[in-house]
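Asks: One predicted model, sequence on top.
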Amino acid sequence: MKLIKSNIAYIVIASLIVVYFTFDAFNGIAFWQSNDVERNAGYHGTVAHSGYGVRFYHK
Amino acid sequence: MATLNPKAFPFSDSITCPNCHKPITLYDHIACEAAACPSCYSYLLFGTDGKSYVKDRLVSIQNKPVLPIGTEGLLRDVEYKVIAYIEKKEAAYNQYQWREYMLYNYAKGYAFLAEFDGHWSLIAGKSFFPDLEKSKKSLENTALYQGLEFNLFNSYRPVIHSLIGEFDWDIRDERIKAREYIRPPFLLTWEQNQRTQQEDWYLGEYIEEREIAAAFKIPLGNFPSKVGIGANQASKHRARWNGALMISGIAIIAFLLIQLWVGYLRPETVLLEHSYSLDLRPRPADTAKRKSVMVTGDHKTTDSTATAIGNILQDSAKAIDSFARDTAGANVKPDSAGNFEFKSFKTPTFKIEDGPVPLEIELSSQVDNNWLSTTIELVSEKDNQTWSLTKDIEYYHGVEDGESWSEGGLHETVLLSEIPPGKYHVNMYPYSGSSLVNSLDVKVTESVTLWRNILITFLILCLYPLYCWYRARRFEVNRWMNSDFSPYQKDDDE
């Protein structure tokens, strides 16, 4: 009890940390995913590519 | 709460000082062998006939006692009366001075309250702690009591500066050699009388002045202010460190169990594993040139002739492209940047059943002193949402000055976060610094263990215990600065 009373603030913080990362684990959230991931909302049509990361989308 | 029992003390008695003829109150006259007059500081001894005589003259005391002689109090469930006050100092270092209050309990004997720089310890001998006789010194600056190790903090010869009160032995006749061992908040003191070679052990415990003030009903303002850190003062930082360590340990174990549970519910599953051969892509610049030839021919000939020639040229261009692919690496030229672009390809469709999940794409290629770069595009077949990035595989090796070296590797992984359930495929757009690279292995795994998340959680949960450890260590370093036996001496020197 004494341990809990004297460390109540840290117990709350540690619990929040565990809850936060548990939420991440259940939602597949990587704290660090690979760099430079570009997320696009979606497109329609075919994809052409010129290389070196430059893409053209043709409708 | 226990109340003070005045029967625990014998009746007080009064004698007259042979020097100044002022009264001296004695609280245990029968056992008293020596006393100091609080008026003239004559040191009195009692002969076998019970009469006192002046053996010596003392200097006056330097500080007014916080606990006046004759004060009674109940401290830690033991009734005490203050019967003497002694000012002591180290023989070798006069600046180290401390004060001792001799407490008397009729049933249990003597205890001491020692004060140094405002830090107090309650000290008692074997009449309070019979197993003290089993204490022993070790060769490595430590002592053992009840199986617990105490560390040597100080070794000195105490000398008496002045005193008042009564004693059941000739305290001025003592020549003491002392060693203090600490295990905060405890203090183990070994004393040897140089005249008789008798050894004694005492056990002390750090005590806050407010507890003493409450026990003896002394105003807290009368107590001296604390200076620095007491030899056996308990470290609140250490207590915090212990607490933080335990809480973080429990949190880490809980988090690991949750991770195992998540791993059980969503095991790692390989969705796709395939090796793709890489074909060189025809360069757009070459095609434009060929089209230019066709247009030039059109101006110089009739329509039918032009059509025929155009067909021939188109067939020729196709043949050249086919030859270029077949002889990739031999005759194919790189683009203006010196890179070879391969045909893009699309993986078969795979399905993520439950999500969102982390998705790992592992790429492997047999590059040798070269590199392969590819743009990776994860495409959701439901709404064409994409996640795209570029990844490089590089592997270089060689021998330099007789030593082999290598850098990079043949594998790279890509981690994508929070991918919702659904059907997906991956588009790849590879290019390389060499036309000899001929394959790219792709492996897609869902619900991979997020080791970085686990590592970050560990690190975050370790931050506060580490901070507490650092503060606790600083506290100990400062404590041991007053000692000649500091285990942190080397650190201080650095």
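Replies: Structure's in. What do you need?
Asks: residue ranges with poor pLDDT in chain A?
Replies: Scanning chain A for pLDDT under 70 picks out the ranges A:34-36, A:41-59.
Asks: which residues of the stretch 251-400 of chain B fall in helices?
Replies: For the stretch 251-400 of chain B, the helices defined by DSSP state H, counting those that start in this stretch occupy B:284-300, B:303-326.
Asks: Comparing those by mean pLDDT, which bottoms out?
Replies: Of all the helices of the stretch 251-400 of chain B, mean pLDDT reaches its minimum on helix B:284-300 (a mean of 44).
Asks: near chain B at all, the longest helix seen in chain A?
Replies: Determined from DSSP state H, the single longest helix within chain A is helix A:8-26. Yes - interface with chain B: helix A:8-26 contributes A:10-11, A:13-15, A:17-18, A:21-22, A:24-26 (CB under 8 Å from any CB of the partner chain). C-beta here means a position set from N, CA and C on the backbone, and glycine is covered the same way.
Asks: Check which helices and strands that helix is in contact with.
Replies: helix B:236-265, helix B:451-480 (3 or more CB pairs under 8 Å, 6 or more residues apart in numbering or on different chains; DSSP states H and E).
Asks: Can you name the next helix or strand after it?
Replies: strand A:38-40 (DSSP states H and E).
Asks: and that following strand, does that touch chain B?
Replies: Yes - among the residues of strand A:38-40, A:38-40 lie within reach of chain B under CB under 8 Å from any CB.
Asks: give me every residue that touches B:Tyr104.
Replies: B:9, B:27-28, B:80-83, B:110 (CB atoms under 8 Å, 6 or more residues apart in numbering or on different chains).
Asks: bridging residues for it?
Replies: B:Lys81, B:Tyr110 (DSSP bridges).
Asks: swap in the one 10 residues further on?
Replies: Using DSSP bridges, the bridge partners assigned to B:Ala114 are B:Glu100, B:Ser121.
Asks: Was I right to think B:Pro465 contacts B:Trp241?
Replies: Yes - B:Pro465 sits in contact with B:Trp241 when judged by CB atoms under 8 Å, with a separation of 6.3 Å.
Asks: For B:Leu378, see how far away A:Phe39 is.
Replies: Phe isn't right for residue A:39; it's Arg. 10 Å (CB to CB, to the nearest Å).
Asks: Then B:Ser248?
Replies: 37 Å.
Asks: How about B:Asn94?
Replies: Taking CB to CB, one finds B:Asn94 at 80 Å from B:Leu378.
Asks: Kindly present the residues of helix A:8-26 next to chain B as JSON lines, with separate columns for neighbour count.
Replies: Putting the residues of helix A:8-26 next to chain B into JSON lines (neighbours: other CB atoms under 10 Å in any protein chain shown) gives the following:
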{"residue": "A:Tyr10", "neighbour count": "18"}
{"residue": "A:Ile11", "neighbour count": "18"}
{"residue": "A:Ile13", "neighbour count": "16"}
{"residue": "A:Ala14", "neighbour count": "23"}
{"residue": "A:Ser15", "neighbour count": "14"}
{"residue": "A:Ile17", "neighbour count": "18"}
{"residue": "A:Val18", "neighbour count": "19"}
{"residue": "A:Phe21", "neighbour count": "23"}
{"residue": "A:Thr22", "neighbour count": "18"}
{"residue": "A:Asp24", "neighbour count": "20"}
{"residue": "A:Ala25", "neighbour count": "23"}
{"residue": "A:Phe26", "neighbour count": "14"}
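Asks: between the residues you listed, which is closest to B:Gln259?
Replies: Distance to B:Gln259, by CB to CB, is smallest for A:Ala25 among the residues of helix A:8-26 next to chain B, at 6.2 Å.
Asks: pLDDT for the contacts of B:Tyr104 - can I get that in a markdown table?
Replies: Below are these laid out as a markdown table (pLDDT from 0 to 100):
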| residue | pLDDT |
| --- | --- |
| B:Phe9 | 65 |
| B:Tyr27 | 86 |
| B:Asp28 | 81 |
| B:Tyr80 | 93 |
| B:Lys81 | 93 |
| B:Val82 | 94 |
| B:Ile83 | 93 |
| B:Tyr110 | 90 |
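Asks: Make TSV from those residues and add neighbour count to it.
Replies: Formatted as TSV, the contacts of B:Tyr104 follow (neighbours: other CB under 10 Å):
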residue	neighbour count
B:Phe9	19
B:Tyr27	22
B:Asp28	18
B:Tyr80	28
B:Lys81	23
B:Val82	22
B:Ile83	26
B:Tyr110	18
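Asks: Can you name the helix or strand that the closest residue to B:Ser52 other than its chain neighbours falls in?
Replies: Spatial nearest neighbour of B:Ser52, excluding adjacent residues (CB to CB, 6 or more residues apart in numbering or on different chains): B:Leu44 at 4.3 Å. Per DSSP H and E, B:Leu44 falls inside strand B:42-46.
Asks: what's the domain layout of chain B?
Replies: B:6-234, B:263-279+B:339-450, B:284-326 (automatic domain parsing).
Asks: Make JSON lines out of those domains and add distance to B:Ile252.
Replies: Conversion of the domains of chain B to JSON lines gives the following (distance: least, CB to CB, whole Å):
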{"stretch": "domain B:6-234", "distance to B:Ile252": "27"}
{"stretch": "domain B:263-279+B:339-450", "distance to B:Ile252": "15"}
{"stretch": "domain B:284-326", "distance to B:Ile252": "56"}
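Asks: Please name whichever of the ones you listed is nearest to A:Phe31.
Replies: Comparing these by CB to CB, domain B:263-279+B:339-450 comes nearest, at 7.2 Å.
Asks: B:Ile253: which of the domains of chain B is closest?
Replies: B:Ile253 lies closest, by CB to CB, to one member of the domains of chain B: domain B:263-279+B:339-450, at 15.5 Å.
Asks: Pull up the distance across the closest one, start to finish.
Replies: 10 Å (CA to CA, to the nearest Å).
Asks: With stretch B:22-31 instead?
Replies: For stretch B:22-31, the separation between the terminal residues is 21 Å (CA to CA).
Asks: can you list contacts of it?
Replies: Under CB under 8 Å, 6+ apart, the answer for stretch B:22-31 is B:9-10, B:12-17, B:32, B:35, B:37-40, B:44, B:69-70, B:81, B:83, B:104, B:106, B:166, B:168.
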